[in-house]
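Novice: structure of the sequence below:
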Amino acid sequence: MQDYMTNYIDTLGLGGLLGGIIIEALGLPFPGGMMIMFSGFLVNQNRLDFYSVFLVAVLAFNIGATAAYCIGRYMGEPVLNRYGKYLRINSRRVEKARRWMEQSAAVFIIVGRFVPMISNLTPYMAGASGLRLTRFLLYNLIFSVIWVSFNLSVGMLFGYKWPTIAGYFKNQVPLAALVLLLAYVAGKLLINHIHVMRGEKV
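Specialist: I've put the predicted structure just below:
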């Protein structure tokens, strides 16, 4: 895996990184995060430029996510229902994503991208929900900067230990994001319940 990813990036350069991250952002099965980690490893070896990798990765993710948003916005959920199997999407996950989207678009887009089985739904559901493009671009930009910075830093600092690092973050980061998102939703529901109870007392 290490040799394959390194050769891929070495051969195709930033163009290969651009294409790979766009595929990742569309929600298709592709190791985009791993590509950025290996790019960071090559940056540490002075084989790639840090700023070029960072800008290309952020740009690519926003291009792919915006394309997915437009598909959701102009084609709607019927497209997800018909072609969702290619994104590992089913009706149950769509309904769960819709509920989270209704709670908070910002949390859904920024944090939801870290949650397995929800991450590939976020741009499509954002578009289908009618969320304004400017808000989506803002939230998506925030996530992409965090995501790219994180993976690039891991690659630069710990690239030589890639199997251990990749395995750890693959298992732990999505779990932490899921816990954070669930805690947020639970807290908001609790606050809403308190407001309703106060209203009834009045």
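
Novice: where does pLDDT dip in this structure?
Specialist: Low-confidence segments of the chain, defined by pLDDT under 70: 1-12, 77-91, 93-94, 96, 116-117, 159-202.

Novice: go with 90
Specialist: The chain contains residues with pLDDT under 90 at 1-17, 20, 24, 26-48, 71-131, 151, 153-202.

Novice: can you show me the strands along it?
Specialist: Assigned by DSSP state E, the strands in the chain number zero.

Novice: ranges for the helices of it?
Specialist: Secondary structure of the chain (DSSP state H): helices located at 2-25, 32-44, 50-75, 77-83, 91-103, 105-110, 122-128, 133-158, 162-201.

Novice: could you count how many residues lie near the spatially closest residue to Met37 that is not a sequence neighbour?
Specialist: Spatially, and ignoring its direct neighbours in sequence, Met37 is nearest to Gly155 (3.7 Å; Cβ to Cβ, 6 or more residues apart in numbering). Yep, even glycine has a C-beta here, placed from its N, CA and C like the rest. The tally of other residues near Gly155 (other Cβ atoms under 10 Å) stands at 25.

Novice: Glu24 too?
Specialist: Neighbour count for Glu24, taken as other Cβ under 10 Å: 25.

Novice: which residues does it contact?
Specialist: By Cβ atoms under 8 Å, 6 or more residues apart in numbering, Glu24 lies in contact with Phe30, Pro31, Gly32, Gly33, Met35, Phe61, Gly64.

Novice: can we see that at 7 Å?
Specialist: Phe30, Gly32, Gly64 (Cβ atoms under 7 Å, 6 or more residues apart in numbering).

Novice: which ones are touching the residue nearest to Met37?
Specialist: When contacts are counted by Cβ under 7 Å, 6+ apart, Gly155 touches Ile36, Met37, Phe38, Ser39, Gly40, Phe41.

Novice: what's the spacing between it and Ile36?
Specialist: Gly155 is 7 Å from Ile36, where distance means Cβ to Cβ, to the nearest Å.

Novice: over to Leu137?
Specialist: Look at Leu137 and Ile36: by Cβ to Cβ, they are 20 Å apart.

Novice: so these two - more neighbours on which side?
Specialist: More neighbours surround Ile36 than the other of Leu137 and Ile36, with 30 against 14 (other Cβ under 10 Å).

Novice: I figured the more buried one was touching Phe150, is that so?
Specialist: No - taking contacts as Cβ atoms under 7 Å, Ile36 lies outside contact range of Phe150: 8.7 Å.

Novice: export stretch 112-127 as CSV, just CAs?
Specialist: This file holds the C-alpha atoms of stretch 112-127, laid out as CSV (Å, rounded to 0.1, in the frame of the first residue of the first chain):
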residue,chain,number,x,y,z
GLY,A,112,-20.7,14.6,10.0
ARG,A,113,-17.9,14.2,7.5
PHE,A,114,-15.9,12.3,10.1
VAL,A,115,-18.8,9.9,10.8
PRO,A,116,-18.7,6.6,8.9
MET,A,117,-21.7,5.9,6.6
ILE,A,118,-22.8,9.5,7.0
SER,A,119,-19.8,11.3,5.6
ASN,A,120,-20.6,10.4,2.0
LEU,A,121,-24.1,11.7,2.4
THR,A,122,-23.4,15.2,3.7
PRO,A,123,-23.0,17.2,0.5
TYR,A,124,-25.9,15.4,-1.2
MET,A,125,-28.3,16.0,1.7
ALA,A,126,-27.1,19.6,2.1
GLY,A,127,-28.1,20.2,-1.5
